[in-house]
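Asker: sequence? don't have it. structure:
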């Protein structure tokens with residue numbers, strides 16, 4: 001099939017499948033992947049009224065993309081916009097509910113079917129549409145463009161692998177990118193790939209994630225956990241994926257002779273795995289406690305599983321030694337910027353393809369340490385526990401590096417302000 005006709009075929013297929021979306025969403029809801037009470041939002045039915053005045057619609061796929069948009073949310077509110085933020089996951093909805101400021105609203109993004117998108121747009125009538133990273137949904141882009149609503153892609157990134165896939169459909173991707181008014185990329189390489197695929201206006205701005213505030217923590221909960229832990233040596237394995245918990249247990253047991261009071265805190269990327277992780281720890285001969293059950297950290301507790309949503313900021317503040325998951329047993333890594341902002345020494349595995357720039361900066365300047373396996377993880381933990389100067393230096397470097405890499409929000413707002421001013425003159429119907 002010619003790539004030039006792939007777009008109308010895709011649109012027709014999405015239109016034909018829309019009537020079956022109820023069954024699809026219900027099954028996802030049964031598996032915890034949809035909020036049953038808000039499934040109507042996925043079909044374009046708003047659960048809240050549209051506020052008066054100008055409205056900017058910002059969309060990010062999941063937790064990381066949604067949080068990266070927070071600096072823009074505050075700046076747009078200050079410019080007189082109400083901000084609608086859409087994401088596609090239950091976890092992102094729960095976290096954004098805690099962190100969105102007054103003047104911003106969250107909704108689940110409608111599925112990419114023409115009827116759902118049109119229903120969504122009829123209700124919300126956005127004046128500006130801002131997409132994060134690589135969320136290029138064909139029907140959404142076409143519907144928004146057809147209504148003369150300006151479209152901006154911010155924090156845009158396109159990996160070499162994705163670039164090669166899109167090159168096989170040059171007519172399809174160029175038709176979509178041609179409807180995006182402005183692409184603001186994370187790096188020059190991302191910008192170059194977007195230009196080659198047909199984006200008409202591209203600039204390299206930087207990564208918004210460096211400007212996101214460190215995640216909050218409830219002071220009372222933090223004090224209570226700190227009291228339970230006391231002076232024990234502690235490290236955090238954050239956003240872990242299947243297979244990495246077993247490696248954490250291996251590292252713990254390797255260190256136990258030297259540090260018999262060691263506490264390992266696990267914060268899995270998918271909290272519903274908490275009970276299984278506790279069972280795995282106990283099978284490995286370790287005494288474990290589960291946060292969602294209200295189980296305290298006792299002097300005999302060796303593993304504490306933080307299987308809650310929105311409490312990473314709490315766990316990051318319990319220790320200055322953080323291992324970032326999806327990097328030993330997963331692919332792509334997890335974002336280390338938030339713990340780095342809190343002054344943490346970062347450990348990570350080799351699989352960090354989604355965050356090469358930030359890990360490259362941290363590793364090269366001493367703010368992070370790469371480990372290859374559980375034995376290497378244990379060795380680096382021991383080095384940090386026994387050398388306070390090394391721990392302090394690594395933590396200070398991580399905070400300094402991410403601080404110096406910030407500033408993308410100012411550049412994006414400058415580009416948006418100039419662009420919006422031009423749009424008001426040339427396309428007043430959009431405003």
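Answerer: Thanks, I have it. Only a predicted model underlies this, so the values are computations on that prediction, with no experimental measurement involved.
Asker: and the helix or strand containing residue 119, what other elements does it pack with?
Answerer: Per DSSP states H and E, residue 119 falls inside helix 114-124. Helix 114-124 sits against helix 6-17, helix 138-146, with contacts defined as 3 or more CB pairs under 8 Å, 6 or more residues apart in numbering; DSSP states H and E. For glycine as for every other residue, the C-beta is placed from the backbone atoms N, C-alpha and C.
Asker: switch the cut-off to 6 Å
Answerer: The contact analysis (3 or more CB pairs under 6 Å, 6 or more residues apart in numbering; DSSP states H and E) places helix 114-124 against helix 138-146.
Asker: care to break this protein down by domain?
Answerer: Annotated domains of the chain cover 3-37+51-206+407-430, 219-404 [automatic domain parsing].
Asker: that older thread, what's in contact with the helix holding residue 119?
Answerer: Helix 114-124 has contacts (CB atoms under 6 Å, 6 or more residues apart in numbering) with 15, 18, 43-44, 46, 50, 84, 110, 139-140, 143.
Asker: Just the buried residues from those residues, in ChimeraX please.
Answerer: If you want just the buried ones from the contacts of helix 114-124 in ChimeraX, going by 16 or more other CB atoms under 10 Å, the selection is:
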select :18,43,44,46,84,110,139,140,143
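Asker: quick one: which of the contacts of helix 114-124 is nearest residue 371?
Answerer: For the contacts of helix 114-124, the residue nearest residue 371 by CB to CB is residue 140; the value is 40.4 Å.
Asker: Kindly state the pLDDT recorded for the closest one?
Answerer: Per-residue pLDDT puts residue 140 at 96.
Asker: what does residue 426 give?
Answerer: pLDDT, residue 426: 61.
Asker: likewise residue 8?
Answerer: 79.
Asker: if we can go back for a sec, who does the very next helix or strand once past the helix holding residue 119 touch, helix- and strand-wise?
Answerer: For helix 114-124, the following helix or strand on the C-terminal side (DSSP H and E) is strand 128-132. The contact analysis (3+ CB pairs under 6 Å, 6+ apart) places strand 128-132 against strand 55-59, strand 151-156.
Asker: Residue 404 is nearest to which of these?
Answerer: The closest of the helices and strands packed on strand 128-132 to residue 404 is strand 151-156. By CB to CB, the value is 18.3 Å.
Asker: Tell me the buried residues in that closest one?
Answerer: Quick answer for strand 151-156 (16+ other CB under 10 Å): 151-156.
Asker: can you list the weak-confidence ranges in the protein?
Answerer: Counting by pLDDT under 70, the ranges of the chain that qualify are 1-5, 419, 422-431.
Asker: if we go to 50?
Answerer: 430 (pLDDT under 50).
Asker: Pick out the residue nearest the middle of it.
Answerer: residue 64 (0.8 Å; CA atoms, centre = their mean).
Asker: Neighbours of the closest residue in space to that residue that isn't next to it in sequence, how many?
Answerer: Excluding its sequence neighbours, the residue lying closest to residue 64 (CB to CB, 6 or more residues apart in numbering) is residue 335, at 5.7 Å. For residue 335, the number of neighbouring residues by other CB atoms under 10 Å comes to 22.
Asker: same deal with residue 385?
Answerer: By other CB under 10 Å, the residues close to residue 385 number 18.
Asker: Is it correct that it is in contact with residue 233?
Answerer: Yes: between residue 385 and residue 233 there is a contact at 5.3 Å, judged by CB atoms under 6 Å.
Asker: just to revisit the earlier point, tabulate the contacts of helix 114-124 in TSV, adding columns for distance to residue 421.
Answerer: Shown next, in TSV, are these (distance: CB to CB, whole Å):
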residue	distance to residue 421
15	37
18	38
43	36
44	31
46	29
50	24
84	22
110	30
139	30
140	25
143	25
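Asker: sorry, back to before: quickly find the element holding the residue nearest to the centre of the chain.
Answerer: helix 63-68.
Asker: Residue 322 now?
Answerer: Assigned by DSSP H and E, residue 322 belongs to strand 321-324.
Asker: again, but for residue 45
Answerer: Going by DSSP H and E, residue 45 is not in any helix or strand.
Asker: Which phi and psi values does residue 298 adopt?
Answerer: With angles defined as degrees, to the nearest 10, residue 298 sits at phi -90, psi 170.
Asker: Who are the contact partners of the nearest residue to it once chain neighbours are set aside?
Answerer: Nearest non-adjacent residue to residue 298, counting by CB to CB, 6+ apart: residue 289, 7.2 Å away. By CB under 6 Å, 6+ apart, the residues touching residue 289 are 295, 301, 304.
Asker: need the contact list for the last one.
Answerer: Think residue 304. Residues in contact with residue 304 (CB under 6 Å, 6+ apart) are 265, 289, 297.
Asker: Quick one: neighbours of residue 225, just the number.
Answerer: The tally of other residues near residue 225 (other CB under 10 Å) stands at 22.
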